[in-house]
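Engineer: Provided below are the primary sequence and the corresponding predicted coordinates.
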Amino acid sequence: MEPRNSVTLTACIAETKPLRYTPAGLPALDLKLEHGSKQSEAGVQRDVAAVVKAVAFGALAERLARQALGSLWTFQGFLATPRNAKTLVFHVQDIQQD
């Protein structure tokens with residue numbers, strides 16, 4: 001079985017940095033997403049909150065840069081740890097407005 005790395009998260013856009021460009025000229029956007037929900041764990045309902053560091057590239061980065069802070073989306077992508085870093089970053093590959 002091939003390893004999988006796929007994440008779907010419904011969250012609000014909490015913060016965006018200014019649109020930047022990679023050395024290859026690709027648009028890139030760093031953002032923070034805020035998620036809140038109720039989840040069942042070990043048979044108990046609990047409130048879950050998370051702030052997630054995320055990044056998007058290309059046309060998707062340009063599209064996300066135009067969205068309102070606080071707007072709710074479903075994000076799809078994968079997790080990766082950048083070079084010389086210790087925290088996970090969610091790489092956004094697709095979005096749908098909720």
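Structural biologist: Great, that's in hand. Numbering: from 1, shown residues only.
Engineer: need the pLDDT of the residue lying closest to residue 19 once chain neighbours are set aside.
Structural biologist: Leaving aside its sequence neighbours, residue 19 sits nearest to residue 65 (C-beta to C-beta, 6 or more residues apart in numbering; 4.6 Å). No exception for glycine: its C-beta is placed from N, CA and C like everyone else's. On pLDDT, residue 65 comes in at 97.
Engineer: tell me who's in contact with residue 65.
Structural biologist: Going by C-beta atoms under 8 Å, 6 or more residues apart in numbering, residue 65 touches 16, 19, 27, 29.
Engineer: swap in 10 Å and give it another go.
Structural biologist: Neighbouring residues of residue 65 by C-beta atoms under 10 Å, 6 or more residues apart in numbering: 16-20, 27-29, 31, 56.
Engineer: how far away is it from residue 22?
Structural biologist: 15 Å (C-beta to C-beta, to the nearest Å).
Engineer: which element is the most centrally placed residue in the chain on?
Structural biologist: Of all residues in the chain, the one closest to the mean position by C-alpha atoms, centre = their mean is residue 54, 3.9 Å from it. Using DSSP states H and E, residue 54 maps to strand 44-57.
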